[in-house]
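Trainee: below are the sequence and a predicted model; questions follow.
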Amino acid sequence: MNMERLIPTKCKNRATINYSILKQFKSANIYRFFCVSLYRDDYYHARVTLDELKGITGDKTLSNFTKDFKEYLEISTYRTDLGNGVKPRHNVYHIPPKEPQHITLSRRFIAIDLDSATKGFFIQLMLLSQFANIEMTKPNIIKELSIDKSTFDKYLRNLLSEFVFMNNGCLVLHTDNILLENDFKSQMILASKYLIGKNPPNVTLNKDKGK
């Protein structure tokens, strides 16, 4: 049985993961993206420090995080004035809008005491089970994720019995209290600069706050 992590309170209670992220990042970064996305505001801008992120994910280091996500999250920076000439720099992460193929995960997922790579692998499994139109067999999953057998086996050992079980050679996922129903009403509010002469497809503009 896994121990539980503390769930942060100053964040949304859910976040979405687009199917298109599946092959863009390794599993650990997919889970880290989920954690960052929990801190989004109505405009899908997220402000969370790397130290805060390490506390959530349990990672000892995130030295490559900004480099890995610089383009995908369109990272920009701002400074805060602490007085005495001290103006530390902070990152702002721009979370991509929801796409038609996405899943919604509860922040309760944070509480499960598994490493980032294993949690990211579980997110990948959920995405595949929803959208890949494949049987969830070991060979199919290895092919879709472009991972080797030893990596698959390592992650699967961490998930077996509590989150995954095998049925006639196919993986069956336990997603209760983790995978939530999708809801486009919590879509981002686009900043005005994106609305001049544009109305991007598959984007619902809504002034309701994201959950």
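Mentor: Perfect, I can see it now.
Trainee: drop to CA atoms for contacts and neighbour counts, all remaining ones
Mentor: Noted.
Trainee: what is the neighbour count of E135?
Mentor: Neighbouring residues of E135 were enumerated by other C-alpha atoms under 10 Å; the total is 14.
Trainee: do the same with N84
Mentor: Look at N84: counted by other C-alpha under 10 Å, it has 6 neighbours.
Trainee: can you list the strands that the helix or strand bottoming out on mean pLDDT in the chain pairs with?
Mentor: When the helices and strands of the chain are scored by mean pLDDT, DSSP states H and E, strand 76-79 comes last with a mean of 84. Each strand paired with strand 76-79, and its direction, by DSSP bridges: strand 89-94 (antiparallel).
Trainee: and the partner strand, average pLDDT?
Mentor: Average pLDDT, strand 89-94: 90.
Trainee: alpha carbons of the helix or strand following it, in PDB - could you do that?
Mentor: Using DSSP states H and E, the helix or strand that follows strand 89-94 towards the C-terminus is strand 102-106. Provided in PDB are the C-alpha atoms of strand 102-106 (Å, rounded to 0.1, in the frame of the first residue of the first chain):
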ATOM      1  CA  HIS A 102      -8.000  15.200 -23.400                       C
ATOM      2  CA  ILE A 103      -8.500  13.700 -19.900                       C
ATOM      3  CA  THR A 104      -9.200  15.400 -16.600                       C
ATOM      4  CA  LEU A 105      -7.400  14.300 -13.500                       C
ATOM      5  CA  SER A 106      -8.100  15.100  -9.900                       C
END
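Trainee: just the mean pLDDT for strand 102-106, thanks.
Mentor: 96.
Trainee: one more: stretch 150-169?
Mentor: 94.
Trainee: so what touches it?
Mentor: 1, 114, 117-118, 121-122, 137-138, 142, 171-175 (C-alpha atoms under 8 Å, 6 or more residues apart in numbering).
Trainee: what residues does the residue most central in space within the chain make contact with?
Mentor: Per C-alpha atoms, centre = their mean, the C-alpha nearest to the average position across the chain is that of F34, at 2.0 Å. If you count contacts by C-alpha under 8 Å, 6+ apart, F34 has them with 15-17.
Trainee: restricted to strands, list those.
Mentor: Using DSSP state E, the subset of the contacts of F34 located in strands is 15-17.
Trainee: nearest to S106 among those?
Mentor: Nearest to S106 out of the ones in strands among the contacts of F34 is A15 (C-alpha to C-alpha; 6.7 Å).
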